[in-house]
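Chemist: pasting the structure only:
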């Protein structure tokens, strides 16, 4: 409120009179005295109440959006004595696995010791997530060594992808991820979600421990697959050999897997012994969960938190698109210090938050047509939905499109969970032709005649690329093209054959024999004229 708003009407009138009395007249024609109406307007404006400004959200409103997902309902006190403790001490105190001590362990220790910069980057990344993982491990009564497993799997790179398509901090394969309820669709991949993947990984490890009754075997199964480990154990049982981890016949990758974890455990236990240092990690949450109740652009979410887009994605790497769908992602993770700023900005914001929405394609169409229907460019639509060239979008697919002003509803939960993009080649449909081989027909000759690759003809007919067909042998060809003209006399029948092909005649046989007597050629012409030359069917 300004000073003039604090004045009483009497004081204001006195002030105006004083101003009029002390102001020296300069040119009354150029500066005429205000009319009574103008004076009344000035007074009324001065006495008007100040504009209403929305108050900042209260601490209760902000607190309602924040939550420590590990301890719901509990107040977080960063000043508590245990919050400043060293988390590495807590990790060491939970070690339970029997130690391995062999050449494989020595090899892994030497590898890490020779790369101090790598170890520093890896442990610094891991410090963001280690408190959360350790809390989950301890809740389940598991050995704290399991909290170190992402060092081995991904070096704590949340968006890591292996050559076998395993993804995320815990390196889940697509099928295993689905088994543990990790959603994977065009909008998100929960294998990269920090909370969801940690929950799923520890569930999986717990299941494997129940299966084998041994943590080393459970870890081997996590790497190699439980079926393979079961077969290795059964083999040793048949041979009367021990069935512990060190005694099994397993691939070198799996043989090295548990020793690598042992080496990391040794480094955490005594980093000085390896001339390495570990970054300090405080014994409190590094991040908090913030509730999301409306669809919001990823870039706007990062802006609300006051952090870079890259930092935001480090904590929320599961997002596949530039928009967060509230129906599928009820919370985002943010560093502790930025979570409150985000919650305040979110509570204060009154305008639209999402510039994208989901659109279900009503019929199979080209990306250009889909872009036109949604008022955007084909280039943008292809880029945002990762549609390769020469592909059609099949009916029922879901596309991310700009959210028009007329769209007010957020994406539904059903669509957010089941959205899929299905593509089809943008090419004419192929027809299946069956023909009889002539004396000179080879794979290469048939391929050239129908404008397809020789490898395809060989594959369709299960012969070699250089094979020659026997006269009268049935040949299968899938093509959208009409055959090219041949130099043999029998090719005179080809124009008629084309006509019957165009009419999609019933399945018949075309005789393509080379050099036949005139009478036989005439019969072929007649047969072709009656439309009995081609066997046509839809491609499989």
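Modeler: All right, it came through fine. Fair warning: this is a prediction, and the values are worked out from it, not measured in the lab. Numbering: from 1, shown residues only.

Chemist: Residue 112 contacts residue 274, correct?
Modeler: Yes - with contact defined as Cβ atoms under 8 Å, residue 112 reaches residue 274; the gap is 6.9 Å. From N, CA and C alone the C-beta is placed, and that goes for glycine too.

Chemist: between the two, what contacts are shared?
Modeler: When contacts are counted by Cβ atoms under 8 Å, 6 or more residues apart in numbering, residue 112 and residue 274 have residue 267 as shared neighbours.

Chemist: So what would you say the end-to-end distance of stretch 263-280 is?
Modeler: Its start and end residues considered, stretch 263-280 measures 20 Å (Cα to Cα, to the nearest Å).

Chemist: and the spatially most central residue of the chain, what is it in contact with?
Modeler: Ranked by distance to the mean C-alpha position of the chain (Cα atoms, centre = their mean), the top residue is residue 320 at 3.8 Å. Residues near residue 320 by Cβ under 8 Å, 6+ apart: 185, 186, 187, 188, 189.

Chemist: From these, pick the one nearest residue 93.
Modeler: For the contacts of residue 320, the residue nearest residue 93 by Cβ to Cβ is residue 189; the value is 34.4 Å.

Chemist: Could I get the contacting residues of that closest one?
Modeler: Residue 189 is in contact with 167, 168, 182, 183, 318, 320, counting by Cβ under 8 Å, 6+ apart.

Chemist: just to revisit the earlier point, export the contacts of residue 320 to CSV and tack on pLDDT?
Modeler: Conversion of those to CSV gives the following (pLDDT from 0 to 100):
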residue, pLDDT
185, 94
186, 94
187, 94
188, 94
189, 96
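
Chemist: how about the strands in the stretch 201-350 of the chain?
Modeler: If DSSP state E, counting those that start in this stretch is used as the criterion, the strands of the stretch 201-350 of the chain fall at 287-291, 296-297, 323-324, 331-335.

Chemist: The last one: partners in the sheet, and parallel or antiparallel?
Modeler: Strands that pair with strand 331-335, judged by DSSP bridges, come out as strand 287-291 (antiparallel).

Chemist: avg pLDDT for the partner strand?
Modeler: pLDDT averaged over strand 287-291 equals 91, rounded to a whole number.

Chemist: what's the weakest-modelled helix or strand in this structure?
Modeler: Within the chain, judged by mean pLDDT, DSSP states H and E, the helix or strand with the poorest mean is strand 535-538; its value is a mean of 36.

Chemist: right, and residue 323 touches residue 410 too?
Modeler: No - between residue 323 and residue 410 no contact is recorded; they are 9.9 Å apart, counting by Cβ under 8 Å.

Chemist: residues shared between the contacts of those two?
Modeler: Between them, residue 323 and residue 410 share these contacting residues under Cβ under 8 Å, 6+ apart: 295, 354, 357.

Chemist: In three-state terms, label the last one for me.
Modeler: What DSSP: H, G, I helix; E, B strand; the rest coil gives for residue 357 is strand.

Chemist: residue contacts, the residue nearest to it when sequence neighbours are not counted?
Modeler: By the measure of Cβ to Cβ, 6 or more residues apart in numbering, the closest residue to residue 357 outside its immediate chain neighbours is residue 403, 4.1 Å from it. By Cβ under 8 Å, 6+ apart, the residues touching residue 403 are 352, 354, 355, 356, 357.

Chemist: out of those residues, which are buried?
Modeler: With neighbours counted by 16 or more other Cβ atoms under 10 Å, those contain buried members at 354, 356, 357.
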